[in-house]
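Trainee: starting from these lines, generate the structure:
(chains A, B, C and D)
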Number of protein chains: 2
Amino acid sequence: MAKTKAASLADDLVHRFEEQIEKGGMPPGSRFPSEKAVTQDFGVSRTVVREAFARLAARGLLVSRRGSGAYVAEDARYRAFQVTPDEVAEIEDVLELLEMRMGFEVEMADLAARRRSDADLAEIRRALAAMDASTDVDTSVAADAAFHAAIARATGNDYYLRFTDFLGVRLVPSRRLYLQGSDARSHQHYSQVINKDHEAIYAAIEAGDPAAARRAARRHMQKSIARYQDLKQSGRLLRRPLG
Amino acid sequence: MAKTKAASLADDLVHRFEEQIEKGGMPPGSRFPSEKAVTQDFGVSRTVVREAFARLAARGLLVSRRGSGAYVAEDARYRAFQVTPDEVAEIEDVLELLEMRMGFEVEMADLAARRRSDADLAEIRRALAAMDASTDVDTSVAADAAFHAAIARATGNDYYLRFTDFLGVRLVPSRRLYLQGSDARSHQHYSQVINKDHEAIYAAIEAGDPAAARRAARRHMQKSIARYQDLKQSGRLLRRPLG
DNA sequence: TCAATAAGGTTGTAAGACAACTTTCGTCCG
DNA sequence: CGGACGAAAGTTGTCTTACAACCTTATTGA
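Mentor: Predicted coordinates:
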């Protein structure tokens, strides 16, 4: 009976139904109790029920059909792919995410080499130039992200772009920590090393050579992973500061 | 993207605000217009506004504070990578997702070849056998998923496993539709062709040959994409039946 | 100046009503 | 007996009004 206090009545309902679905009490495709039934069973107003249902629907656990009822979504058991910020606190996680990113980056380079438009090329070049001109950590990190986003856009596959954004955001904080301690000179050196990789990728994409693009992207990511592995062995831990 | 008319007023509101947040018009931490203001601006009732807000909150884009107002979530950009079921309704989307999957299947094969344990190998073999023995669509689709999941597990990278699960689930319905019309013989033929690819991947992983594993995985995915492209050209559309 | 207080704004919840739609079931006709 | 039709009930979508709980800000008073 120990009830975790819910911030709101709708919260409580959401948690209850969520649990029940997860436990298998309500299999996919089965019907929810009607809104009215819930108001009676739980003693809350229909406003609350509707809000709870809306939130379940937003998470993809429930679909409601006007005039018919609400149903447990067919693929309710599987949630969105999610990576919470505190998962990226440990350097091992960063390494795993980078590993995952490797596959995508390689394939994106391939596709970009096949499909890039002139506008895509121009955008990639802009990002290269911005990285080259960067003097502080923030702008160089931003330029790096822009470079990879431009490639993702050049693939013409929106999912690649979305996932690049998604992963990019996760990895930026750790990247920033990685660079933070370094002075201006070593940072510039770091930027130049990376941009050399980037230029190789760009050249292959511009030339329309998928295999070369794959190789260049793979090398780039491997180096990036190796850097983090060194960091790991040197015993430096990543701990996110608050804020 | 051609804007389809929103199924409900709340849908419309959600999309509008989502877009505005994404475009940067409402930076993290900034205040939303009050519920009352929205009702006046858009000419809808507060019920609709509350429902829209509830859904935005469920997605982590908005937090509302009683008595104070609603605010754009501080980590709004951290929201999950999400692929909603209706996005996979069109065959073009399936193709794009397959393209995305290609990159990381290749990389998974590489890593699996380097890191697989004996237990991993055994699990992959089991999936191969199950696919070989399958006679109906459901079991063959399940065996296929198990095969790729086993490889994902062999990489030792949990993110790969999670993402494989995630994508696999999205693609299964269309896969099922793809196979549905076929008779037992053509289905068996299909299974055998696929499993031959699988065996090549397995052989490379067992031999511990990353480059060969990459090649085999790439071939496998390319063929899969080609099959769907044929389907696309033949004009067959994928339309999800109501669940 | 500063703290207590009052006023107004905002979200959370309740309740009732109607519209739009779906499902079910009974009726009537062939 | 069977099937088409339609009425009726059930359900979600939306609107409206009302109040409670809470926060913010301005006012007031010492």
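Trainee: near DNA strand D, which residues of chain A? Just list them.
Mentor: Taking CB under 7 Å from any atom of the strand as the contact definition, chain A meets DNA strand D at A:32, A:34-37, A:46, A:50, A:53, A:64-70. In short, each C-beta sits where N, CA and C put it, glycine included.
Trainee: report the buried members of the residues you listed.
Mentor: Those of those that meet the buried threshold are A:32, A:35, A:50, A:53, A:64, A:70, by 16 or more other CB atoms under 10 Å in any protein chain shown.
Trainee: ok, of those residues, which one's closest to residue A:12?
Mentor: Proximity of these to residue A:12 was ranked by CB to CB; the top entry is residue A:53 with 13.4 Å.
Trainee: hang on, the closest one in a helix?
Mentor: Yes: with the criterion set as DSSP: H, G, I helix; E, B strand; the rest coil, the secondary structure at residue A:53 is a helix.
Trainee: and it, what is it in contact with?
Mentor: A:32, A:35, A:62, A:64, A:70 (CB atoms under 8 Å, 6 or more residues apart in numbering or on different chains).
Trainee: that one and residue B:186: what is the separation?
Mentor: Plainly put, residue A:53 is 43 Å away from residue B:186 if you go by CB to CB, to the nearest Å.
Trainee: then residue A:44?
Mentor: Per CB to CB, residue A:44 is found 54 Å from residue B:186.
Trainee: between those two, who's got more neighbours?
Mentor: When residue A:44 and residue B:186 are compared for neighbours, residue A:44 comes out ahead with 17 against 11, by other CB atoms under 10 Å in any protein chain shown.
Trainee: just read off the phi/psi values of the more buried one.
Mentor: phi -120, psi 170 (degrees, to the nearest 10).
Trainee: thought it was touching residue A:11?
Mentor: No: in terms of CB atoms under 8 Å, residue A:44 does not count as a neighbour of residue A:11; the distance is 11.5 Å.
Trainee: so what's the spatially most central residue of chain A closest to, chain neighbours aside?
Mentor: With distances taken as CA atoms, centre = their mean, chain A has residue A:166 as the residue nearest its mean C-alpha position (2.5 Å). Taking CB to CB, 6 or more residues apart in numbering or on different chains as the measure, residue A:166 lies nearest to residue B:81, with 4.5 Å between them; neighbours along the chain are not counted.
Trainee: how near is the one you found to residue A:168?
Mentor: When CB to CB is the yardstick, residue B:81 and residue A:168 sit 12 Å from each other.
Trainee: tell me the contacts of residue A:201?
Mentor: Neighbouring residues of residue A:201 by CB under 8 Å, 6+ apart: A:109, A:151, A:213, A:216-217, A:220.
Trainee: do the helix or strand containing residue A:108 and chain B meet?
Mentor: In this assignment (DSSP states H and E), residue A:108 forms part of helix A:91-115. Yes: using CB under 8 Å from any CB of the partner chain as the criterion, contacts between helix A:91-115 and chain B involve A:96-97, A:99-100, A:102-108, A:111.
Trainee: which of those residues are buried, as a PyMOL select command?
Mentor: The buried subset of those, as determined by 16+ other CB under 10 Å, is captured in PyMOL by this line:
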select buried, chain A and resi 96+97+99+100+102+103+104+105+106+107+108+111
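Trainee: now residue A:71, what's its secondary structure?
Mentor: In three-state terms, and counting by three-state DSSP, residue A:71 is strand.
Trainee: near it, how many other residues are there?
Mentor: Under the criterion other CB under 10 Å, the count of neighbours that residue A:71 has is 19.
Trainee: kindly state the beta-bridge partners for it.
Mentor: Using DSSP bridges, the bridge partners assigned to residue A:71 are residue A:31, residue A:63.
Trainee: hang on, it packs against residue A:63?
Mentor: Yes: here residue A:71 lies in contact with residue A:63, judged by CB under 8 Å, at a distance of 5.6 Å.
Trainee: and the closest residue to residue A:96 other than its chain neighbours, how many neighbours does it have?
Mentor: With CB to CB, 6+ apart as the criterion, residue A:96 has its nearest non-adjacent residue at 4.7 Å, and that residue is residue B:157. Taking other CB under 10 Å as the criterion, the count of residues near residue B:157 is 22.
Trainee: and the residue with the largest distance to the centre of chain A, what's its pLDDT?
Mentor: Here chain A reaches farthest from its C-alpha mean at residue A:40, the gap being 40.8 Å by CA atoms, centre = their mean. For residue A:40, the model assigns a pLDDT of 92.
Trainee: nearest to DNA strand C, out of the residues of chain A next to DNA strand D: which one, please.
Mentor: residue A:67 (2.4 Å; CB to the nearest atom of the strand).
Trainee: can you classify the closest one as helix, strand or coil?
Mentor: Residue A:67 is classified as coil under three-state DSSP.
Trainee: look up the pLDDT of it for me, please.
Mentor: In this prediction residue A:67 is given a pLDDT of 90.
Trainee: that older thread, pLDDT added to the buried ones among the residues of chain A next to DNA strand D, as a markdown table?
Mentor: Supplementary listing: these in a markdown table, determined by pLDDT from 0 to 100:
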| residue | pLDDT |
| --- | --- |
| A:32 | 91 |
| A:35 | 93 |
| A:50 | 93 |
| A:53 | 93 |
| A:64 | 91 |
| A:70 | 93 |
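Trainee: for chain B, state which of the residues you listed is nearest.
Mentor: Set against chain B, the nearest of these by CB to the nearest CB is residue A:50 (6.4 Å).
Trainee: can you pull the contacts of that closest one?
Mentor: For residue A:50, the residues meeting the contact criterion (CB under 8 Å, 6+ apart) are A:35, B:47, B:51.
Trainee: following element in sequence after the lowest-mean-pLDDT helix or strand in chain A, please.
Mentor: Within chain A, no helix or strand scores below helix A:158-180, which has a mean of 74 by mean pLDDT, DSSP states H and E. Next helix or strand after helix A:158-180 toward the C-terminus (DSSP H and E): helix A:184-207.
Trainee: how distant is the following helix or strand past that following helix from the center of its chain?
Mentor: Along the chain past helix A:184-207, the next helix or strand (assigned with DSSP H and E) turns out to be helix A:210-233. Once both centres are worked out by CA atoms, centre = their mean, to the nearest Å, helix A:210-233 turns out to sit 19 Å from its chain's centre.
Trainee: noted, bye for now.
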